[in-house]
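Asks: Make a model of this:
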Amino acid sequence: MAYDWADTDRTDALDFVMVSPQNLEIELGTLDGVIRSSSSLSAAYYTDTRTSGKLAYVGDGWIRNSFIRIVHRIPEWGFRRDLGTYIVTEDPGTREAGQWTRSLTLHSVLHGLATDLGTGPWTVSKGASAKAAIKQMLETCRRPMRDLSARDVRVGSPIVYETGTSFLERLFDLCTVTNNRMDVNGRGYVTVAPYIEPSRKSAAFRLDLADSRGLVEDGVELSTNYLEMPGRVVVSYQYSERENNESAQKEINAAADAKGEQSSATRGYMVTEFEHLSEMEPATYQRALELARQKLAEKSKEQVEWKIKSLYLPIWEGDVVELYVHDGPSRYRGMRHCLVKNVELELEHMTMTLTLKETASGDDE
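Replies: Model (predicted):
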């Protein structure tokens, strides 16, 4: 069913459900007395634990250690969506006018993987399935995994994770090895799925700044780093070499200069970025120049971001939207293909503040 998300004549109902930490499918009841004006959720694509929030409520209704699942419903549409299922990490209280108010700090289940440190080393043997190791680690941490056709590789050489490293750190490393992305869904399950560059994702929504129905509120912000982009990248490698039975210090330096808007000829001054290398193979000027040119190309992608405020849309960090800009600086007009980088959702009026990063900016963060 297609929904008209620009329709303001709708009822945004929220259910705050307490969930068993041992079984995410067992609901323990509804938390009443929630103060929506003091409650919010946030999500960020480039953070380790992806999503967090805060929840204020009156009384003493929260069942100790239970997780909180926040469900959004629009009864007249028959719409239902799990916004998130959260671990509670703090629950301070305040008493005013004879009434207690509690404030719950919410974190995704990935936070629980960050606080779970290995009591001994963990080895993934040569030839072992990295995907099987991911699943085994999650089962060890009592976190059921949702396998979304995650990629797998056979480990080429043994991987040893030292005692005291968190399971989140270990899992992120294995996801890098397999080119997967780890996240968490609305019901609190860890998801591991093939990483897809944001520029290759289809847009979930199109937002038009000229839309007369006003889905996007006034006050759009544009930011760009083009004035910070280097006009020159210098790579420097210092090393020692034996000469006449003595150690001699050597140094190789290479510089790559940009053309166009980043150049000093255009700016009238030079912006230099210096890279000190601890290793370089082979230790030649040509290799240093190659690396300088490579780093300059990486630094020459303009980072363009938009910040907008809108009515609630069923999108989250990692989704992609199209933003149509009809006015303003000419080089930033037209259809902009953007990653939903950050989301701030206030629960009283169900309005979202979105930070949208243009996918042409790359995915290097």
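
Asks: okay, and the helix or strand of this structure with the least pLDDT?
Replies: Across the helices and strands of the chain, mean pLDDT, DSSP states H and E gives its lowest value to strand 145-147, namely a mean of 79.

Asks: just checking, what packs against the helix or strand immediately after that strand in the chain?
Replies: Once strand 145-147 ends, the next helix or strand along the chain (criterion: DSSP states H and E) is strand 159-161. In terms of contacts (3 or more C-beta pairs under 8 Å, 6 or more residues apart in numbering; DSSP states H and E), strand 159-161 is packed against strand 122-124, helix 167-178. To be clear about C-beta, it is placed using only N, CA and C from the backbone, and glycine gets the same treatment.

Asks: switch to 7 Å and redo it
Replies: strand 122-124 (3 or more C-beta pairs under 7 Å, 6 or more residues apart in numbering; DSSP states H and E).

Asks: Next secondary structure after the strand it packs on?
Replies: Going down the chain from strand 122-124, the next helix or strand is helix 130-140, by DSSP H and E.

Asks: Output that following helix as PDB - backbone C-alpha positions only.
Replies: The C-alpha trace of helix 130-140 is given here as PDB (Å, rounded to 0.1, in the frame of the first residue of the first chain):
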ATOM      1  CA  ALA A 130      34.600 -15.700   8.300                       C
ATOM      2  CA  LYS A 131      30.800 -15.700   8.200                       C
ATOM      3  CA  ALA A 132      30.700 -18.700  10.500                       C
ATOM      4  CA  ALA A 133      33.000 -16.900  12.900                       C
ATOM      5  CA  ILE A 134      30.700 -13.900  12.900                       C
ATOM      6  CA  LYS A 135      27.700 -16.000  13.700                       C
ATOM      7  CA  GLN A 136      29.600 -17.900  16.400                       C
ATOM      8  CA  MET A 137      30.600 -14.600  18.100                       C
ATOM      9  CA  LEU A 138      27.100 -13.300  18.000                       C
ATOM     10  CA  GLU A 139      25.700 -16.500  19.500                       C
ATOM     11  CA  THR A 140      28.400 -16.300  22.300                       C
END
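
Asks: For the longest helix along the chain, output the C-alpha coordinates as PDB.
Replies: Ranked by residue count, the top helix of the chain under DSSP state H comes out as helix 285-299. Extracted in PDB, the C-alpha atoms of helix 285-299 (Å, rounded to 0.1, in the frame of the first residue of the first chain):
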ATOM      1  CA  TYR A 285      60.600   8.800  -5.200                       C
ATOM      2  CA  GLN A 286      58.300   7.400  -7.900                       C
ATOM      3  CA  ARG A 287      56.300   5.400  -5.300                       C
ATOM      4  CA  ALA A 288      56.000   8.400  -3.000                       C
ATOM      5  CA  LEU A 289      54.800  10.500  -6.000                       C
ATOM      6  CA  GLU A 290      52.200   7.800  -6.800                       C
ATOM      7  CA  LEU A 291      50.900   7.800  -3.200                       C
ATOM      8  CA  ALA A 292      50.800  11.700  -3.200                       C
ATOM      9  CA  ARG A 293      48.700  11.700  -6.400                       C
ATOM     10  CA  GLN A 294      46.400   9.000  -5.000                       C
ATOM     11  CA  LYS A 295      45.900  10.900  -1.700                       C
ATOM     12  CA  LEU A 296      45.300  14.100  -3.600                       C
ATOM     13  CA  ALA A 297      42.600  12.400  -5.700                       C
ATOM     14  CA  GLU A 298      40.900  11.100  -2.500                       C
ATOM     15  CA  LYS A 299      41.000  14.600  -0.900                       C
END
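
Asks: And the next helix or strand after that helix, what does it pack against?
Replies: Where DSSP H and E defines the elements, the next helix or strand beyond helix 285-299 is strand 304-311. Packing contacts for strand 304-311, counted by 3+ C-beta pairs under 7 Å, 6+ apart, involve strand 221-224, strand 351-358.

Asks: returning to that earlier point: what does the least confident helix or strand of the chain rub up against?
Replies: With contacts defined as C-beta atoms under 7 Å, 6 or more residues apart in numbering, strand 145-147 is touched by Lys135, Leu138, Asn185, Tyr189, Val190, Thr191, Val192.

Asks: same thing but 10 Å
Replies: Residues outside strand 145-147 that contact it (C-beta atoms under 10 Å, 6 or more residues apart in numbering) are 131, 134-139, 171, 182-185, 187, 189-193.

Asks: Can you turn the buried part of those into a PyMOL selection?
Replies: In PyMOL, a selection of the buried entries from the contacts of strand 145-147 looks like this (16 or more other C-beta atoms under 10 Å):
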select buried, resi 131+134+135+137+138+171+182+183+184+185+189+190+192+193
